[in-house]
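Undergrad: Fold the following, please.
(chains A and B)
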Amino acid sequence: MRVPLEWLREYCAPALDVDAIEERLTMTGTKVEAVHHHGVGNPDRFVVGRVVAAEPHPDADRLRVCRVDLGMANDDGEATIVCGAPNVAGGQLVAVALPGAVMPGGAPIERRKLRGVASEGMICAASELALAGDGDGGGILVLDELTLDAEPEIGAPLAQLLPISTAVLELEVTSNRPDCLGVYGVARELHAATGAALAPEPWHEDEGSSGELPIELARVTVECPDLCPRFSARVFEGVAIGPSPPWLAARLLAAGQRPINNVVDITNYVMLLTAQPLHAFDLDRVSGGHLTVRRAHDGEQVQTLDGQTRTLDAETVVIADDEGPTSIAGLMGGARSEVGPETARVLLEVANWNGPNIHRASWSLGLRSEASARFEKGLAPEQCVWAQAVATQLMIALCRARVAPGTIDVGGDGPPSRPIRLRDARVREILGIEIAVTRQEEILHALDFHAEPAGDGLDVRPPPVRREDVTREADLIEEVARIDGLEKLPATLPKRRGAYGVLSPEQRLRRRALDALVGRGLYESVGWTFASPALADRLRLADDDPRRMAPVVENPLSEEQSRLRTMLLGSLLDTAAHNVSRGLADLRLFEVGTVFALTPDGARANAPDASGARGETGVAERRSLGVLLSGRLDEPSWRVAEPAMADFFAAKAMLEALTRALRVDGLALAPARQPFLHTARTADVQVGGESIGWIGELHPLVAQAWELPGASCLELDLDRLIAHAQARRAYEDLIGYPPLRRDLAVVMPAGVPAAEVLAAAREAAGELLRDVRVFDVYTGQQLGPGRRSLALALSFRASDRTLSDDDVAPASERIVAALARLGGELRA
Amino acid sequence: MIERIEQLRVQAETAIAGASGSEELEQLRVRYLGRKAELPRLLRGVADLAPEQRGPVGKVANEARQALEAMIEQRVAQLAQDELAHSLATDTIDVTLPGSPPQPVGRLHVLTQTTRELEDIFLGLGFTVIEGPEVETVHYNFDALNHSPTHPARARSDTFYLDEDVVLRTHTSPMQIRAMEAHPPPLYVVIPGRVFRPDSDATHTPQFHQIEGLAVDQDVTLADLKGTLLSFARTVFGERREVRLRPHFFPFTEPSVEVDVSCFHCEGNGFLKDGSRCYLCKGEGWLEVLGAGEVDPNVYAHVPLTEANAPGYDPETVQGFAWGLGVERIAMLKHGIPDLRLYFENDLRFLEQFG
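TA: This next block holds a predicted model:
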């Protein structure tokens, strides 16, 4: 909403500069987003002059050399000004821009020669002063032809006569305050915010026209009163269509609207003033003089003022005459009954429409207008009468129209507002600060509420325009608080009874997981939740892979963002591809995020009910953790020229670091396949026998699809991983009795997995064996084909004594025997 | 006799002091203290002396021997120390070469870092952290939060829909309802999470992150909201910060406010020391950081009384505040990040700068 300050001051003029007004409005809830300037740059350089004589220019056919009397505004009294306007003539009172003037577009006026004649300023056209649109005919503004509040005096500042310069406040009006989409509503806010006097409502005197409108002039039938709570109309005859006067055109322009003609401009002006949209019909183009308000027929068409043909559905309301729809209610008038230069009789419609219905129609037609933006927020039926009153004054004054006796008024005022009790104690309890009841009352009165002392506070009835917005005590507390000033609130802290701020064990473990990976040199990536439907194919997922069952966004920004991701690998690959394509080839990345799946049967209770089914979305969410390594694991250095490359075991080392950091025991990898991973370098990640994810080297075709040289990756269900983390444990004495260590090299058939060897060793050794791991792997000719040597580091320990060789000898023997059963033999 | 001993002692001491290596010291030790040397011989001959001479001579000779032994020992140690010092001093390396092997340093994403920082602030104020689903029902995302059936935020231009009743949550506020359904008052929680709106330009991305706050107790006031957010503002933006509450409108709070923090770049002046307009606050002196308010009574009315939350949320007996702040916006302000899309591009040269 753009409000010219000059216009606002007509109704409320606090003795404050524009910055202070901005501050007061902003701090009471009407945020000033920006302050613009409309009109000339320096109004003091614009004065009234009289053209003493206008002679032809000696060297230019279309220019005149004018002698202009500037009175006190010029040392010499007279100035010579070259003017190109066809209508300039001796004797005219005109608007003169003196040298040094700055025009609305920023152009400076200087003394200069025009075809050899020195010109000391410029005689201005209305459009040059931003007092008219561009199509004002190109002639200069002749002040004698205007109806002005004051008599123009030669040499007097032009700004005393015409609004040639004003600040314009651009306001952010919240959706609950459609009344502030009108200048008078903003004036009332300014009044309440500053205490400056508020001028009477511009509709407080209505010049016309009570009683019934004669039926032969016009008739209105409302077939859908549910969607049209009020419809009012007046008829104006003898209308003289023409341009609007400069003061009105200037206000429209400053508010961001183009002047069209006096009748249309009046409808816009009154809307900008009262927040109530109006529509003018050329009554002679209303077939049968009969308007019917009804729901459209499905598929019915109407050509709107903007020249477009719109197809309507059965929930859209139209205003039809005997030939069909001639206007879309609340959105836009029709071309057929548009007011034009020939219009002589005007039917002025001011109606109230159902806000939600207008909102729906506006969206379904893709048609938003100044009118719909107001109607959809819900206006008060009372505003119809107010706007009719203001429009009637202007139609008579500016169009020399006669108002026909009588007003069509179908429907009526809104329901009387019921009193709301505003408890004094409640004000204090909610705000944490005292506001005197008398002050509360004063504020509410300033906002046009009815308030009177009652019991433990005030009984308050809001004005019609606040009927929808203010219905409860809480709403009143807000009104009182915002005007009294939230800056007065102290800064206190809540009592926080029983509150203690602590992360849950799961949240702490999640942080630890991330920190462990960061500590291993990984960068955290935050990818997109949205995925492309093509992702499943790019990852080579089988047709029946459940990860194809991605939830679908009905209204995505693009097809590429129309699915919710079912795994993190896609976004990690996107991150990798982004960096690799920019020459950043060594990647150590991880991501933690939500992945989605349609619940198995896709079932979901549609109807909300108390059983909690209203929480069912049909989509299951999991927290996933993914790692992607690609390229070199370290930077090359002066001692290590060729660092190791990311491969399966690099990824597995990250997995092991992660499980150790989280104290997750029982990590096991089982051979498995994933369509997007290397056929033979893939494993299922298991913890405590439960599968929680996968690990492997990227399938070359998948790497190719993202233009990556290759990568090793893993993805885990983070919550299930963390569920296996050991809780806080009790101290165990690992120091008093040191372990006894033994190394064992055993030659095994190459096909026996290391994990099987270790498991056999553990089982055979019994409880003294606390740890066993592979520390070397050797294959060579002397071992024979299909054989490899595994070097095992064994650690024996007892909790009640220091072990001797004799203690562990039997266990060692049992291990050797067990490995022999797997085809192994001690290496000589 | 005693004179001879003194003479030998002086002679030996001079030689030891002048010795320049451990070999020479060994030779001196043999010469003065060896079996065949004069001093030990004298010492052995004490027994043959007259009884009145034995005491004085023995004493002098013994002292001389001990002194020389100690002196040699000391000189040997000294020389060893000098030799070690010399060998260390000449064993040089170029200390300015890089460490090796290089230790990789990872980084948390700036959004995670910022989220943690904010979580920690509110943990310190006694709030607990809870999380909730990113796919939500219309009920939790709009209805229960007192959005009118025609509220513009419901439009398909403003909300991603999975079907008529299911959306990608547009804010973390649905968790206000879920939290109140699951826990009785008093309730002090913050809810970090990812949210979604169909916007895409330099200042809007279709996904972003919020941290919701909710405090409900018998007597939590708007002034308490101001104090809580003042703590937040000073922790994040510096101890000289102030906050101001500006009246606003949100369907699920009443009174509703937008919260501004005094600009940390220009100290709230709106202009810099050189007189130029502050680019960060655009000369306003204030930065808009979040929306908040007292929880609307209608929101409590949407929280059913259950076994889990008994005695439930009766707006006549409980009251409190809620806020929703944007993590991207806080990080953007703190670090001067010009374009929100950078967050999700994950260019290493971006990631490297934070965390």
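Undergrad: drop to CA atoms for contacts and neighbour counts, all remaining ones
TA: Fine.
Undergrad: low-scoring pLDDT stretches of chain A, where are they?
TA: A:135-138, A:600-615, A:828 (pLDDT under 70).
Undergrad: Let's see that with 80 instead.
TA: Applying pLDDT under 80 to chain A flags residues A:73-76, A:134-138, A:149, A:207-213, A:215, A:600-615, A:727-728, A:828.
Undergrad: What strand or helix carries the residue of it most remote from its centre?
TA: Ranked by distance from the centre of chain A (C-alpha atoms, centre = their mean), the top residue is residue A:806, with 76.9 Å. Assigning secondary structure by DSSP states H and E places residue A:806 in helix A:805-821.
Undergrad: by contact count, what packs against that helix?
TA: Under the contact criterion of 3 or more C-alpha pairs under 8 Å, 6 or more residues apart in numbering or on different chains; DSSP states H and E, helix A:805-821 touches helix A:754-765, strand A:825-826.
Undergrad: what about that helix, distance to the chain center?
TA: Centroid displacement of helix A:805-821 relative to its chain, using C-alpha atoms, centre = their mean, to the nearest Å, is 71 Å.
Undergrad: Same check on stretch B:69-79?
TA: Centroid separation between stretch B:69-79 and its chain, computed with C-alpha atoms, centre = their mean, is 53 Å.
Undergrad: what sits up against it?
TA: Here stretch B:69-79 makes contact (C-alpha atoms under 8 Å, 6 or more residues apart in numbering or on different chains) with B:13, B:16-17, B:20-22, B:25, B:29, B:33.
Undergrad: For residue A:57, what are phi and psi?
TA: Per-residue torsions, residue A:57: phi -80, psi 130 (degrees, to the nearest 10).
Undergrad: Now do the contacts for it.
TA: Counting by C-alpha under 8 Å, 6+ apart, residue A:57 has contacts A:63-65, A:82.
Undergrad: one step back: filter the contacts of stretch B:69-79 to the buried ones?
TA: B:13, B:16, B:22, B:25, B:29, B:33 (16 or more other C-alpha atoms under 10 Å in any protein chain shown).
Undergrad: Which member of those is positioned nearest residue A:622?
TA: residue B:22 (75.8 Å; C-alpha to C-alpha).
Undergrad: what would the contacts of residue A:57 look like in JSON lines with secondary structure?
TA: As requested, these are exported to JSON lines (DSSP: H, G, I helix; E, B strand; the rest coil):
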{"residue": "A:63", "secondary structure": "strand"}
{"residue": "A:64", "secondary structure": "strand"}
{"residue": "A:65", "secondary structure": "strand"}
{"residue": "A:82", "secondary structure": "strand"}
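Undergrad: Generate JSON lines for these, with distance to chain B as supplementary columns.
TA: Listed next are the contacts of residue A:57 as JSON lines, based on distance: C-alpha to the nearest C-alpha, whole Å:
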{"residue": "A:63", "distance to chain B": "45"}
{"residue": "A:64", "distance to chain B": "46"}
{"residue": "A:65", "distance to chain B": "46"}
{"residue": "A:82", "distance to chain B": "41"}
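Undergrad: Most neighbours out of these, which is it?
TA: residue A:82 (27 neighbours; other C-alpha atoms under 10 Å in any protein chain shown).
Undergrad: hang on, the earlier thing: closest to chain B out of the helices and strands packed on helix A:805-821?
TA: Chain B lies closest, by C-alpha to the nearest C-alpha, to one member of these: helix A:754-765, at 29.2 Å.
Undergrad: Mind listing what's buried along the next helix or strand after that closest one?
TA: Next along the chain after helix A:754-765, taking DSSP H and E as the criterion, comes strand A:769-778. Using 16+ other C-alpha under 10 Å as the test for burial, strand A:769-778 gives A:769, A:771-774.
Undergrad: for stretch A:539-552, same thing?
TA: A:539-541, A:547-552.
Undergrad: What count of nearby residues applies to residue 324?
TA: Assuming you mean chain A. By the criterion of other C-alpha under 10 Å, residue A:324 has 17 neighbours.
Undergrad: hmm, I had chain B in mind actually
TA: 22.
Undergrad: which residues does the closest residue in space to it that isn't next to it in sequence contact?
TA: With sequence-adjacent residues excluded and distances taken as C-alpha to C-alpha, 6 or more residues apart in numbering or on different chains, residue B:324 is closest to residue B:212, at 4.4 Å. Applying C-alpha under 8 Å, 6+ apart to residue B:212 gives the contacts B:172-173, B:190-192, B:322-325.
Undergrad: ok, back up a step: between the contacts of residue A:57, which is nearest residue A:738?
TA: residue A:82 (109.3 Å).
Undergrad: ok, the spatially closest residue to residue A:264 that is not a sequence neighbour to residue A:245 distance?
TA: Excluding its sequence neighbours, the residue lying closest to residue A:264 (C-alpha to C-alpha, 6+ apart) is residue A:280, at 6.9 Å. To residue A:245, residue A:280 is 19 Å away according to C-alpha to C-alpha, to the nearest Å.
Undergrad: what two of the contacts of stretch B:69-79 are the furthest from one another?
TA: Within the contacts of stretch B:69-79, B:20 and B:33 form the most distant pair, 18.5 Å apart (C-alpha to C-alpha).
Undergrad: can you pull out the helices in the stretch 201-350 of chain B?
TA: B:222-237, B:297-301, B:327-335, B:342-345, B:348-351 (DSSP state H, counting those that start in this stretch).
Undergrad: which other residues reach the helix or strand of chain B with the lowest mean pLDDT?
TA: When each helix and strand of chain B is scored by mean pLDDT, DSSP states H and E, helix B:38-44 comes last, with a mean of 82. Residues from elsewhere that reach helix B:38-44 (C-alpha under 8 Å, 6+ apart): B:5, B:8, B:32-35, B:58, B:61-62, B:65.
Undergrad: Following element in sequence after that helix, please.
TA: Next element after helix B:38-44 (DSSP H and E): helix B:51-90.
Undergrad: so for that following helix, what's the average pLDDT?
TA: Taken as a whole, helix B:51-90 has an average pLDDT of 88.
Undergrad: buried set for that helix?
TA: B:57-58, B:60-62, B:64-65, B:68, B:71-72, B:75-76, B:79.
Undergrad: do the same with stretch A:272-285
TA: Those buried within stretch A:272-285 under the rule 16+ other C-alpha under 10 Å are A:272-283, A:285.
Undergrad: Among the residues you listed, which ones are in strands?
TA: Here DSSP state E is the test, and these give A:279-282 as lying in strands.
Undergrad: Tell me which helix or strand residue A:221 sits in.
TA: Going by DSSP H and E, residue A:221 is in strand A:219-222.
Undergrad: outside of that strand, which residues touch it?
TA: A:228, A:231, A:289-294, A:408, A:410.
Undergrad: 6 Å instead?
TA: Applying C-alpha atoms under 6 Å, 6 or more residues apart in numbering or on different chains, the set of residues contacting strand A:219-222 from outside is A:290-293.
Undergrad: Of all the residues in that strand, which ones are buried?
TA: A:219-220, A:222.
Undergrad: Pull it out as PDB, backbone CA atoms only.
TA: This file holds the C-alpha atoms of strand A:219-222, laid out as PDB (Å, rounded to 0.1, in the frame of the first residue of the first chain):
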ATOM      1  CA  ARG A 219     -32.700  -3.000 -11.100                       C
ATOM      2  CA  VAL A 220     -30.500  -5.400  -9.200                       C
ATOM      3  CA  THR A 221     -31.200  -9.000  -8.200                       C
ATOM      4  CA  VAL A 222     -28.900 -10.900  -5.900                       C
END
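Undergrad: I'd like the distance from whatever helix or strand comes next after that strand to the chain centre, please.
TA: For strand A:219-222, the following helix or strand on the C-terminal side (DSSP H and E) is strand A:230-237. Relative to the centre of its chain, strand A:230-237 is centred 39 Å away, using C-alpha atoms, centre = their mean.
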